Each structure stands twice: as structure tokens, then as C-alpha cells.
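Asker: quick one: sequence plus predicted model below, questions after.
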Amino acid sequence: MAALTAENFAALQSLLKASSKDVVRQLCQESFSSSALGSKNLLDVTCSSLSVTQEEAEQLLQALHRLTRLAVFHDLSSAEAILALFPENFHQNLKNLLTKIILEHISAWRAEAQASQISLPRLVDLDWRVDIKTSSDSISRMAVPTCLLQMKGRTSHERPPLLRAQLVPSSSQWFLGSTTPLPWES
């Protein structure tokens, strides 16, 4: 992720017009979300609370969004690391306030960013055992080892899907067999 530009830091100076720290905190929180950049409502609230034009408000929200996303992307969890993002000539009190706000919310923002990512399923649980069938209709199937697997994976906050598989030796190779319920599941 690219560093912030001089234009981004110039846009952040608009926060000096805020009536309170809570206004700055609220704008930081709301601008983190990707959907916030296109929000007409947030743009109007920013214009009215800071007495800035639509264009200045849009630049400010984009700068806040980039700043907070950059901090999350680089996993900046110390004040020194966040302060290093700002240029030396940036307003000291505003720099300290933004750093404090980012530190307060970075764990929640990280969780939000991870939840919205597209990723491969993660293995949540694995249960397996080897059974040996001792009774069968055919002599060739007698005493054949079978490996029973049950895996749970998670792709997001949904309920983990369950995969059941049965591995049986065949010509000295293992292959996936039926996905019948395991005995302890019945």
C-alpha cells in the first residue's frame, strides 16, 4: 500500500476546524469503511461539522481512509510507528490526536478488514480414525483398513462447513471414498 501524499496531509489539516475531538474521532471511525468513501450522508455531515466545501470534505475523507487503512495494512500498533507516517511539519496536536484515535481503534479495524477479505477456507477442526472391517460379505474385503476423516473449515463468520471422507486402500493407493456419516455422528 502506497504512502500518503502531501495532498493527503494537506487535506487532513481540515480537521483543525473541528469543534471537538469527538468530531475528529467520529470522522476517523466512519471513514475507515470502504463504503464510506461514496457515502453522500457522510460527505454532508463532514461539510456541516467542519464548514468545508464538498470537494474539501471528499479529499479529507479519502485522506483519513488512506491513513487508517495504511496503519492497519502495516500493522502499526505503537505510537512511534504511527507518528512516523506524518511529515515533520504536520500540526503536532493533530498528529498526536490522530495517532491516539488510530491506536484506540486499530484492533477493531483490523478485524473488520480481515472479515471483508476473500480468502481460502481455514481448517477449524480435524477428526480422524482408522477402522478395520472384520466382517464382510466377500473374503477380499475382510480386514481392510479404512481411514475416516471429518474436517471443518471456515471461510468467514459463517457456520463451518463439514466435510466427511472415507479413505480405503486400493492397489496400494489411497482415494476418497464415500461421504457417509461417521458412526459417532449418528
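Answerer: Structure's in. What do you need?
Asker: helices and strands around the longest helix seen in the chain, which ones?
Answerer: Counting residues, the longest helix found in the chain (DSSP state H) is helix 92-115. If contacts are counted by 3 or more Cβ pairs under 8 Å, 6 or more residues apart in numbering; DSSP states H and E, helix 92-115 sits against helix 21-32, helix 54-73, helix 79-83. Placement of C-beta: from N, CA and C, glycine included.
Asker: just the buried positions in that helix, please.
Answerer: 94-95, 97-99, 101-103, 105-106, 109, 113 (16 or more other Cβ atoms under 10 Å).
Asker: returning to what we had before: got CSV for the helices and strands packed on helix 92-115, with mean pLDDT too?
Answerer: Formatted as CSV, those follow (pLDDT from 0 to 100):
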stretch, mean pLDDT
helix 21-32, 92
helix 54-73, 92
helix 79-83, 92
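Asker: could you check how far the residue nearest to the spatial centre of the chain is from Ala108?
Answerer: Closest residue to the average C-alpha location of the chain: Gln114 at 0.7 Å, with Cα atoms, centre = their mean. Distance from Gln114 to Ala108, counting by Cβ to Cβ, to the nearest Å: 11 Å.
Asker: ok, now Cys47?
Answerer: 26 Å.
Asker: swap in Arg154?
Answerer: Taking Cβ to Cβ, one finds Arg154 at 20 Å from Ala108.
Asker: tell me how the chain divides into domains.
Answerer: Structural domains assigned to the chain are 6-115, 122-185, following automatic domain parsing.
Asker: by mean pLDDT, show me the worst of those.
Answerer: Across the domains of the chain, domain 122-185 has the smallest mean pLDDT, namely a mean of 65.
Asker: may I see the buried residues of stretch 8-17?
Answerer: In stretch 8-17, counting by 16+ other Cβ under 10 Å, buried: 8-9, 11-12, 14-15.
Asker: Throw the buried residues of helix 92-115 into CSV and include distance to Leu85, thanks.
Answerer: Shown next, in CSV, are the buried residues of helix 92-115 (distance: Cβ to Cβ, whole Å):
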residue, distance to Leu85
Leu94, 13
Lys95, 9
Leu97, 14
Leu98, 9
Thr99, 9
Ile101, 13
Ile102, 9
Leu103, 13
His105, 15
Ile106, 13
Trp109, 15
Ala113, 17
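Asker: picking that back up, neighbouring contacts of the longest helix of the chain?
Answerer: Helix 92-115 is contacted from outside by 12-13, 15-16, 21, 24-25, 28-29, 32-33, 67-69, 71-72, 75-77, 79, 82-83, 86, 156-157, using Cβ atoms under 8 Å, 6 or more residues apart in numbering.
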